[in-house]
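Trainee: test case, fold it:
(4 chains)
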2 protein chains.
Amino acid sequence: MKQQEVFRALADPTRRAILKRLQKGALSAGGIGALFDITGASLSHHFGVLKAADLVRTERRGRSIVYSLNTSVMEDLTRMVLDLIPATHRHGEDQ
Amino acid sequence: MKQQEVFRALADPTRRAILKRLQKGALSAGGIGALFDITGASLSHHFGVLKAADLVRTERRGRSIVYSLNTSVMEDLTRMVLDLIPATHRHGEDQ
DNA sequence: TATATACTTAGACAATCGTCTAAATATTGC
DNA sequence: GCAATATTTAGACGATTGTCTAAGTATATA
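Mentor: Predicted coordinates for the structure are as follows:
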């Protein structure tokens, strides 16, 4: 699990917005692109960062490439963050 | 709550290590400095980023400045991260 | 097979980042 | 008040980042 890549990926607001959108379901690169006012090339760069962190998975579907959340790494992320928080202040966690 | 500053602060491994160390209790700038192989000036820069994100609090104690975790923002952090994760995959959370 | 569509890669650019050294500021104890 | 200690600020540096345009690659369809 690439902790550094994960935290780095989360540091950018566009990438966080992409992840939030993918919560609602998988979406093609173009579909995601329609939601942001940046070029496809820039988006593709963000996809690369998210993939390097293993936060998203891709699947080609015809002409499109469909992005979806990699939920197992999302769970790792929860643990990484909880790990930064003193046990006594965790939310919805005991011990 | 400064979401962008918080995620940015977490993107650096030294800053995450500082936060982890502060879980064990408050520590002076110098005490923290003894744990890392970078100059005090660089450390001070990291403290600035952590303070901008409201992740740490400071208190002058004599000649030293003592750093401690700001646990309330730590809790906000938990929520911010959980917010990125689909409800069905949250850890220790219902709904 | 040619053309259109959907993405990615390459290369450039300004802005931000993490680090450093050197100088400045604040506090303590003599 | 002065010297020592503790930390921050200023300014510089190379490295990385997010963005862009232009060119490349892959798939589908006429």
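Trainee: residue of chain A with the smallest distance to DNA strand D?
Mentor: Taking C-beta to the nearest atom of the strand, DNA strand D has its nearest neighbour within chain A at residue A:41, 3.0 Å off. Every residue, glycine included, has its C-beta placed from N, CA and C.
Trainee: give me the element that residue is part of.
Mentor: helix A:40-52 (DSSP states H and E).
Trainee: tell me what residue A:65 is bridged to.
Mentor: residue A:60 (DSSP bridges).
Trainee: does it touch residue A:51 like I think?
Mentor: No. Using C-beta atoms under 8 Å, residue A:65 is not in contact with residue A:51; the gap is 10.9 Å.
Trainee: can you pull the residues that touch both of those two?
Mentor: residue A:58 (C-beta atoms under 8 Å, 6 or more residues apart in numbering or on different chains).
Trainee: about what we covered before: list the contacts for the residue of chain A closest to DNA strand D?
Mentor: If you count contacts by C-beta under 8 Å, 6+ apart, residue A:41 has none.
Trainee: do the same with the one 5 residues further on
Mentor: Counting by C-beta under 8 Å, 6+ apart, residue A:46 touches A:12, A:14-15, A:18.
Trainee: mind checking which of those residues are in helices?
Mentor: Judged by DSSP state H, the subset of those located in helices is A:14-15, A:18.
Trainee: which elements pack onto the helix or strand bottoming out on mean pLDDT in chain A?
Mentor: Lowest by mean pLDDT, DSSP states H and E among the helices and strands of chain A is helix A:71-84, with a mean of 87. Here helix A:71-84 touches helix A:3-10, helix B:13-23, helix B:71-82, going by 3 or more C-beta pairs under 8 Å, 6 or more residues apart in numbering or on different chains; DSSP states H and E.
Trainee: buried deepest among those, which one?
Mentor: helix A:3-10 (a mean of 20; mean count of other C-beta atoms under 10 Å in any protein chain shown).
Trainee: please see if that helix touches DNA strand C.
Mentor: No. Using C-beta under 7 Å from any atom of the strand, we find that helix A:3-10 stays clear of DNA strand C, coming within 9.2 Å at best.
Trainee: do stretch A:44-62 as well
Mentor: Yes. Using C-beta under 7 Å from any atom of the strand, we find that stretch A:44-62 touches DNA strand C at A:44-45, A:47-48, A:58.
Trainee: flag every buried residue along that stretch.
Mentor: Of all the residues in stretch A:44-62, those buried under the rule 16 or more other C-beta atoms under 10 Å in any protein chain shown are A:46-47, A:49-51, A:53-58.
Trainee: quick one: which of those is nearest residue B:85?
Mentor: Of all these, residue A:55 has the smallest distance to residue B:85: 10.5 Å, by C-beta to C-beta.
Trainee: which ones are touching the residue in chain A that DNA strand C sits nearest to?
Mentor: Closest to DNA strand C within chain A is residue A:30: 2.1 Å, counting by C-beta to the nearest atom of the strand. With contact taken as C-beta under 8 Å, 6+ apart, residue A:30 is in contact with A:40, A:64.
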